[in-house]
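1. Give me a 3D structure for the following:
(chains A, B, C and D)
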Protein chains: 2
Amino acid sequence: MKDQCIKVQQTEEDIKALQDTIYVIGGKWKLPIIHSICNGNNHFKEIERSIPGITTRMLSRSLRELEDNKLITRTVDPNVPTLVEYEFTEYAKEYGVLINEMIRWGKHHKKMIIGQL
Amino acid sequence: MKDQCIKVQQTEEDIKALQDTIYVIGGKWKLPIIHSICNGNNHFKEIERSIPGITTRMLSRSLRELEDNKLITRTVDPNVPTLVEYEFTEYAKEYGVLINEMIRWGKHHKKMIIGQL
DNA sequence: CGGTATCCTCTCTGATACTG
DNA sequence: CAGTATCAGAGAGGATACCG
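-> Numbering: from 1, shown residues only, chains lettered A, B, ... in the order given. I've put the predicted structure just below:
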């Protein structure tokens, strides 16, 4: 395989950008939540049920952070106050490819590590 | 923009794969370290100097975790015990694209969020 | 349904000092 | 140079109960 290094000269800006990325989508639940919403789960309980092990507290917190970062939108039905819709933003959709890459990586990596043992 | 959702049906395996990925490259320093090594910094001090704010403790710990996950190799020169080479593995190189994507995302995201304020 | 409040634990991270 | 040891603080995450 050729040496396909990331970049010849790193900049401090790159480092910070990486840290930002990790911060925004990092933690245990953010990506699973994005993934869940993207796959058609738009209500709190739907999302909760689709992610094994998550608690209402962590879901609530994570949703707010994702909203702050404009990756999802939260819309309350004015007629039905208990009806809330979470949606993946157009902005976030631009990164579907990246998320898919991460899923691929995770699966591949698991196989690789297990294969070593 | 078309609706380019991630995947039509999510699986529990996908969720776990995402969590694995976040786990392996997550935290504050992993990606910056990978990036640094990939850009030609192969010694402990070199890496340390290239990443603003990192401490020897966190660098040491993160390097070991990356090594456990086969993303880097650690080689001690048998003749010079104080000379250690850290190298990006061929395995890890497969993911250079992903890391670059994350850098791009981070930069884009920052501009976007700042633009909103 | 869609959450919030409280408490608790455990890990991550930082600061500092020290070692072969 | 290449780390380890120790201590301390902050924050992530979990359990449980409760609210409009």
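2. And the helices in chain A?
-> A:12-25, A:30-38, A:44-50, A:56-68, A:90-93, A:96-116 (DSSP state H).
3. Could I get the contacting residues of the residue nearest the centre of chain A?
-> Nearest to the mean C-alpha position of chain A, by Cα atoms, centre = their mean, lies A:Leu31 at 2.3 Å. Applying Cβ atoms under 8 Å, 6 or more residues apart in numbering or on different chains to A:Leu31 gives the contacts A:25, A:99, A:102, B:18-19, B:21-22. Any C-beta I mention is one placed from the backbone N, CA and C, and that applies to glycine too.
4. Looking at these, spot the one nearest DNA strand C.
-> B:Ile22 (11.5 Å; Cβ to the nearest atom of the strand).
5. got a pLDDT number for that closest one?
-> For B:Ile22, the pLDDT comes out at 90.
6. same check, this time on A:Ile113
-> 88.
7. was I right about it contacting B:Tyr91?
-> No - using Cβ atoms under 8 Å, A:Ile113 is not in contact with B:Tyr91; the gap is 10.2 Å.
8. which residues do those two both contact?
-> B:Lys70.
9. doesn't B:Lys70 make contact with A:Met112?
-> Yes - look at A:Met112 against B:Lys70 with Cβ under 8 Å: they come within range, at 6.8 Å.
10. Neighbour count: these two, which is higher?
-> B:Lys70 (16 against 12; other Cβ atoms under 10 Å in any protein chain shown).
11. about what we covered before: okay, and the common contacts of A:Met112 and B:Lys70?
-> B:Tyr91.
12. Please enumerate residues in contact with stretch A:106-117?
-> With Cβ under 8 Å, 6+ apart, stretch A:106-117 has contacts from B:13, B:16-21, B:24, B:69-70, B:91.
13. By neighbours, which of those wins?
-> So for the contacts of stretch A:106-117 (other Cβ under 10 Å), the most neighbours sit at B:Leu18, 27 neighbours.
14. Please convert the helices of chain A to TSV, extending it with distance to DNA strand C.
-> Output for the helices of chain A, formatted as TSV (distance: least, Cβ to the nearest atom of the strand, whole Å):
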stretch	distance to DNA strand C
helix A:12-25	8
helix A:30-38	11
helix A:44-50	3
helix A:56-68	3
helix A:90-93	17
helix A:96-116	17
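15. Tell me which of those is the most buried.
-> Ranked by average neighbour count under the criterion mean count of other Cβ atoms under 10 Å in any protein chain shown, the helices of chain A are headed by helix A:30-38 at a mean of 25.
16. Kindly export that one (C-alpha atoms) in CSV.
-> C-alpha atoms of helix A:30-38 as CSV (Å, rounded to 0.1, in the frame of the first residue of the first chain):
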residue,chain,number,x,y,z
LYS,A,30,-24.5,11.6,20.1
LEU,A,31,-23.8,9.6,17.0
PRO,A,32,-26.3,6.9,17.9
ILE,A,33,-28.9,9.6,18.4
ILE,A,34,-28.1,11.3,15.1
HIS,A,35,-28.2,7.9,13.4
SER,A,36,-31.5,7.1,15.0
ILE,A,37,-33.2,10.3,14.0
CYS,A,38,-31.8,10.0,10.5
